[in-house]
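A.B. asks: Compute the structure for the input listed below.
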Amino acid sequence: MHGGNLVKALRKSDLQAELKGFGGDEMQRAGVALSVHYRELAFMGFISLTTSLFKIFKFARFCKRDILEFKPDAVILIDYGGFNLQIAKFAKKKGIIVFYYIPPKVWAWYQSRAWQLKANVDRMFVILPFEKDFFNEYDFEVDYVGNPVVDAIKAFQPNPDFAAKKGLEAARKSVALLPGSRKMELKLIVPLMAQIADANREVQFVVARVSNLPNDLYFDLIGKDNVKFVEDETYDLLNHVDAAIVTSGTATLETALFKVPQVVVYKTSRLEYAIASTLVKVAFISLVNLIAGREIIRELIQNKATQKNLQNELLKLLNDQTYIAAVKSEYDKLYTVLDTGSASENTARLIAEYLTRKR
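C.D. replies: Predicted coordinates for the structure are as follows:
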């Protein structure tokens, strides 16, 4: 989505630009000739990463050959740190300009990668305000361009028929279930969400299902009379619910910008958690709390992600008006910090300016 929006912004300044690379449907629709679809590179977690190394190396070799054959003026990297750091180093050695939009979260773990970014990236465009200060500590001047999630939500056009089409009853409380997009997340989070749905029969729950994931990952939620599913309509869903249960990730920020009170739940395997606990250097896992610098939404991680804890928090999010108002007030502050114009257009403008100077 963010890559597609950046491409649209780039085309405003250069209609003849040729773009090729790795990406998804949104980038393809925006005019990128896809060499590889991103679904083939969707790995998460240390164990999944280790077992998929051969596949990753194969794609990295292919990407390097693809770059050499295409002979681009510049390479634009988006997120996906482990893979893209390899490509940045390769492109830099070949004398190709390297831009990085939405860099890896090196402030969270493996902070020494900041030196790699500085050595191999010509211009970097960050989307979280505190990242600029972080990279300043490495004497690396980066551009804070705003957050592309704000752009996406500003551009959102709500479907006026959504509630009727999905059978949502105005008289009943509605809760969005956003269990994530990775298999490991769903295997551990979906059963917990199903327990909460069973314990709150009067509430209507709506699951934001990922269309390219198998049905069996949602098995525990399927067939319940108070649970519905939507696909590719997450923003419409967030526009209609009273609260949300969200697996950590960009979805926590999207939920906040829609001003929906939320609780974050995250579980992984014991081994994954043990490894992550020794490496991760941040106090929170949700973007909402990270940007705020304090807990404004509750995070239930690993052993704290129990039915009892989740039930208690959900009831507060649905019924405690003072608590709800306080959360929404913090959301307003968050929006003010992030709203600095269009991140996509800011980045495209800076890229165009830099390329013009180089020419």
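
A.B. asks: Let me see the ranges of the helices in the stretch 251-359 of the chain.
C.D. replies: 270-279, 287-292, 307-319, 321-338, 343-358 (DSSP state H, counting those that start in this stretch).

A.B. asks: wait, which of the ones you listed is closest to Pro160?
C.D. replies: Of all these, it is helix 321-338 that lies closest to Pro160, at 23.5 Å by C-beta to C-beta. C-beta coordinates here come from the backbone N, C-alpha and C atoms, glycine included.

A.B. asks: Okay, buried residues for that closest one please.
C.D. replies: Buried residues in helix 321-338, counted by 16 or more other C-beta atoms under 10 Å: 324, 327, 330-331, 334, 338.

A.B. asks: Which one of these is nearest to Pro148?
C.D. replies: Using C-beta to C-beta, the buried residues of helix 321-338 come closest to Pro148 at Leu338, 9.9 Å.

A.B. asks: got a list of what the closest one touches?
C.D. replies: 129, 146-147, 149-150, 257, 291 (C-beta atoms under 8 Å, 6 or more residues apart in numbering).

A.B. asks: Pull the number of nearby residues for Glu40.
C.D. replies: 10 (other C-beta atoms under 10 Å).

A.B. asks: Skipping adjacent residues, who's closest to it in space?
C.D. replies: Nearest residue to Glu40, sequence neighbours excluded (C-beta to C-beta, 6 or more residues apart in numbering): Phe59, at 7.2 Å.

A.B. asks: what's that neighbour in contact with, if anything?
C.D. replies: Applying C-beta under 8 Å, 6+ apart, the residues near Phe59 are 22, 36, 40-41, 83.

A.B. asks: Among the helices of the stretch 251-359 of the chain, single out whichever gets nearest to Tyr101.
C.D. replies: Comparing the helices of the stretch 251-359 of the chain by C-beta to C-beta, helix 343-358 comes nearest, at 5.4 Å.

A.B. asks: Could you list the buried residues of the closest one?
C.D. replies: Buried residues in helix 343-358 (16+ other C-beta under 10 Å): 343-352, 354-355.

A.B. asks: and the helices of the stretch 251-359 of the chain as JSON lines, adding distance to Ala114 and mean pLDDT?
C.D. replies: Output for the helices of the stretch 251-359 of the chain, formatted as JSON lines (distance: least, C-beta to C-beta, whole Å; pLDDT from 0 to 100):
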{"stretch": "helix 270-279", "distance to Ala114": "15", "mean pLDDT": "66"}
{"stretch": "helix 287-292", "distance to Ala114": "17", "mean pLDDT": "93"}
{"stretch": "helix 307-319", "distance to Ala114": "35", "mean pLDDT": "98"}
{"stretch": "helix 321-338", "distance to Ala114": "22", "mean pLDDT": "96"}
{"stretch": "helix 343-358", "distance to Ala114": "20", "mean pLDDT": "92"}
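
A.B. asks: And these: which comes nearest Val121?
C.D. replies: helix 343-358 (11.7 Å).

A.B. asks: What helices and strands are in contact with the closest one?
C.D. replies: helix 2-13, strand 74-78, strand 97-101, strand 123-126, strand 143-144, helix 148-155 (3 or more C-beta pairs under 8 Å, 6 or more residues apart in numbering; DSSP states H and E).

A.B. asks: Go through the next helix or strand after the last one and flag the buried ones.
C.D. replies: As assigned by DSSP states H and E, the chain's next helix or strand after helix 148-155 is helix 162-166. Buried positions in helix 162-166, judged by neighbour count with 16+ other C-beta under 10 Å: 162-163, 166.

A.B. asks: returning to what we had before: right, so of the helices and strands packed on helix 343-358, which gets closest to Leu188?
C.D. replies: helix 148-155 (25.1 Å).

A.B. asks: right, so of the helices and strands packed on helix 343-358, which gets closest to Lys64?
C.D. replies: Using C-beta to C-beta, those put strand 74-78 closest to Lys64, at 10.5 Å.

A.B. asks: got the angle between that closest one and helix 2-13?
C.D. replies: Angle between the axes of strand 74-78 and helix 2-13 is 150 degrees (criterion: axes from the mean of the first three to the mean of the last three C-alpha atoms, to 10 degrees).

A.B. asks: The closest residue to Tyr38 other than its chain neighbours and Gln307, how far apart?
C.D. replies: Distances taken as C-beta to C-beta, 6+ apart place Gly24 nearest to Tyr38, at 4.6 Å, with adjacent residues excluded. Distance of Gly24 to Gln307, computed by C-beta to C-beta, to the nearest Å: 35 Å.

A.B. asks: still on that earlier bit, could the helices of the stretch 251-359 of the chain go into TSV alongside distance to Lys8?
C.D. replies: TSV is the format used below for the helices of the stretch 251-359 of the chain (distance: least, C-beta to C-beta, whole Å):
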stretch	distance to Lys8
helix 270-279	35
helix 287-292	24
helix 307-319	36
helix 321-338	20
helix 343-358	7
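
A.B. asks: closest one to Phe134 among those?
C.D. replies: helix 287-292 (11.5 Å).

A.B. asks: need the next SSE after the worst-scoring helix or strand of the chain on mean pLDDT, C-terminal direction.
C.D. replies: Scoring the helices and strands of the chain by mean pLDDT, DSSP states H and E places helix 46-51 at the bottom, with a mean of 52. Sequence-wise, the next helix or strand downstream of helix 46-51 (DSSP H and E) is helix 53-70.

A.B. asks: Let me know the angle separating that next one from strand 74-78.
C.D. replies: Using the same axes, to 10 degrees: helix 53-70 against strand 74-78 is 150 degrees.
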